[in-house]
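In: Got a sequence here, can you build the structure:
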Amino acid sequence: MDALHDFLFGVIDIAAMILATLVLLALVTVAVLYIVDVNQSEQAIRRNYPVIGRLRYFFEHMGVFFRQYFFAMDREELPFNRAQRSWIARAAKNIDSTVAFGSTKPIRTPGQILFLNSMLPKLDSEAENLDRKPITFGEGYARRPYSTYSVFHISAMSYGALSAPAISALSQGAAAAGILYNTGEGALSPYHLEGGCDLVFQIGTAKYGVRDEHGALCDKKLRAVADHEQVKMFEIKLSQGAKPGKGGILPGEKVTDLIASTRGIPVGVDSISPNRHEDINSIDDLLDMIERVREVTGKPVGIKLVLGQSAWLDLFGKTINSRGLQSAPDFITLDSAEGGTGAAPQGLIDNVGLPADYSIPVVVDKLIEHGLRQRIKVFASGKMVMPYGVVAALSLGADCVNSARGFMFALGCIQALQCNKNTCPTGITTHDPKLQKGLNPQSKATRVEHYAKNMLKEVSTIAHSCGVLNPQELGREHAYFVRSDGTPQPLIDRYPYPDS
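Out: Below you'll find the model as predicted:
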């Protein structure tokens, strides 16, 4: 009994010593922080309210995470709300995505595009026997044209902006879903090829992966990229939604040995692309580059841009017709000025460029006016992560839709807003091996596949409701636009097709 008594008192003494030590350490820590705070001059809050003032900066940082879980309503967050993220998560996991008790979407919000159901919607059984028409790029102009049956693809996300496991998962998922994956401007990495999917190789303003020692376009390297059977098309990037008029930005902490060798740049140094192609100074220069890349590679070539000033579109059409249709791009990827996955100045993200629901009909109608609509296909991209956005883009005139952030959500993105840093908690946009461990490419590839397939399934469901069997048949006559007073206007009246 005495031994037990001594043991218990011994434990109590040790616990008391530990507690006293912890209290002492806490007091020393507070004292040190107090001295530091009152003697620094960078932050007034910390100087006037030492130690306690630090909580302000802590809660400011944590507020980004708390808002989406505790305070924001389902439809009020930006850039993406809980309702959108929830649908994508269920689609990626291939679980029931139905909802109950009515819509929480304010459908009378000005600017909304909603769809007109038919009195006689198409039967699902009719769609089962549908003889689908492929969407073909470069037919009659490229030695190796490309065809796809999908209207939904993975938008440009480069190795560097995204981690190796994320790129690998996207590649595998795209192959399983039968969709395209755009490499982004960071060149062709082994991880893009790993899954065996069809790829669009993007040529950015820095020409990563196809540049010579002076940074100019290199025909030899172009041929080497084109020799990869998986690379089906090439895209010359003029601008992107996150930063129109600004080149790509990859922080130096993300430039690893492999990224540096893939891009042809120094390790650990910020990778800043020029804000435009230095060898494109006119529309003729652009068309010359398109023809050059197509001739060297033998594959379809397109351009990517955010529409801003639009007067050049008439000169663009006239110049193509005067030179001949062989000089036209095989496709135009029209990005929406609503931000994107990468690092960008807030002034550009918030204020520059036109949104897709305006720019798609402008570009499509100009192509019709100049007799180029059959020659040039149109991809649309920018926040089209839900069936609504895809169907709206198709109705406005796009042939296909690309999504980047939708597929990031499918990979497990939690919208932590850390894409421009090396601290992404889900391992998607970081090159920290510890953070990448949580992203399993095989399991995430399955979610990428499910997201793409369930997206296409729901897009087809809306198309059938509108009375067409194939989403490619959707047009402006199948939708209406909500005006500023909340009343509907037929989309075909707002954007009437021009005479060709």
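
In: Any buried residues in the helix ranked longest in the chain, and which?
Out: Secondary structure assigned by DSSP state H gives helix 2-39 as the longest helix of the chain. By 16 or more other Cβ atoms under 10 Å, the buried positions in helix 2-39 come out as 33, 37. C-beta coordinates here come from the backbone N, C-alpha and C atoms, glycine included.

In: Next: stretch 82-101.
Out: Using 16+ other Cβ under 10 Å as the test for burial, stretch 82-101 gives 82, 83, 84, 85, 87, 88, 89, 90, 91, 92, 97.

In: so what's the fifth one scoring on pLDDT?
Out: What it means is residue 87. Looking at residue 87, its pLDDT stands at 85.

In: in which helix or strand would I find it?
Out: For residue 87, the element it lies in under DSSP states H and E is helix 82-93.

In: List the strands paired with the next helix or strand after that helix, with their directions.
Out: Downstream of helix 82-93, the first helix or strand assigned by DSSP H and E is strand 113-115. In its sheet, strand 113-115 lies beside strand 479-482 (antiparallel), with partners assigned from DSSP bridges.

In: Run the chain-centre distance for the partner strand.
Out: Distance, stretch centre to chain centre, for strand 479-482: 26 Å (Cα atoms, centre = their mean, to the nearest Å).

In: With residue 441 as the reference, measure out to the closest residue to residue 96 other than its chain neighbours.
Out: Leaving aside its chain neighbours, residue 96 sits nearest to residue 90 (6.8 Å; criterion: Cβ to Cβ, 6 or more residues apart in numbering). As judged by Cβ to Cβ, to the nearest Å, residue 90 and residue 441 stand 21 Å apart.

In: Flag the shaky bits of the protein, pLDDT-wise.
Out: 1-9, 57, 59-78, 242-243, 339-343, 500 (pLDDT under 70).

In: Give me the distance between the residue nearest the centre of it and residue 162.
Out: By Cα atoms, centre = their mean, the chain has its centre lying nearest to residue 404, at 2.3 Å. Distance, residue 404 to residue 162, using Cβ to Cβ: 9 Å.

In: any idea which element the nearest residue to residue 298 once chain neighbours are set aside lies in?
Out: Distances taken as Cβ to Cβ, 6+ apart place residue 143 nearest to residue 298, at 3.7 Å, with adjacent residues excluded. Counting by DSSP H and E, no helix or strand carries residue 143.

In: Now do the helices in the stretch 351-500 of the chain.
Out: Residue ranges of the helices in the stretch 351-500 of the chain, as given by DSSP state H, counting those that start in this stretch, are 356-369, 387-396, 405-411, 433-436, 441-465, 491-494.

In: Which strands and helices lie in contact with the fifth one?
Out: Helix 441-465 is packed against helix 82-93, helix 124-128, strand 152-154, helix 164-177, helix 387-396, helix 405-411, with contacts defined by 3 or more Cβ pairs under 8 Å, 6 or more residues apart in numbering; DSSP states H and E.

In: Could you say which of those is packed most deeply?
Out: helix 405-411 (a mean of 28; mean count of other Cβ atoms under 10 Å).

In: How far off centre is that one?
Out: Offset of helix 405-411 from its chain centre (Cα atoms, centre = their mean): 8 Å.

In: From residue 219, how far out is the nearest residue to residue 336 once chain neighbours are set aside?
Out: In space, and not counting its chain neighbours, residue 336 is closest to residue 382: 2.4 Å by Cβ to Cβ, 6+ apart. Look at residue 382 and residue 219: by Cβ to Cβ, they are 32 Å apart.

In: Which one's more surrounded, those two?
Out: residue 382 (30 against 14; other Cβ atoms under 10 Å).

In: can I assume that one is in contact with residue 335?
Out: Yes: using Cβ atoms under 8 Å, residue 382 makes contact with residue 335 at a distance of 5.5 Å.

In: Now the common contact residues for these two.
Out: 241, 356 (Cβ atoms under 8 Å, 6 or more residues apart in numbering).

In: I'd like to know how many residues surround residue 213.
Out: Using other Cβ under 10 Å: residue 213 sits among 7 other residues.

In: try residue 289
Out: Around residue 289 there are 19 residues (other Cβ under 10 Å).

In: which SS state does residue 234 fall under?
Out: Recorded secondary structure, residue 234: strand (DSSP: H, G, I helix; E, B strand; the rest coil).

In: how close does the residue nearest to the centre of the chain get to residue 157?
Out: 5 Å.

In: what does residue 14 give?
Out: Separation of residue 14 from residue 157 (Cβ to Cβ): 55 Å.

In: And residue 410, by the same measure?
Out: Counting by Cβ to Cβ, the gap from residue 410 to residue 157 is 12 Å.

In: for residue 415, same thing?
Out: Applying Cβ to Cβ to residue 415 and residue 157 gives a distance of 16 Å.

In: Have a look at those two and say which one is more surrounded.
Out: Counted by other Cβ under 10 Å, residue 415 and residue 157 do not tie: residue 157 has more neighbours, with 27 against 21.

In: got the contact list for the more buried one?
Out: Under the criterion of Cβ under 8 Å, 6+ apart, the neighbours of residue 157 are 166, 167, 170, 182, 184, 341, 404, 407, 408.
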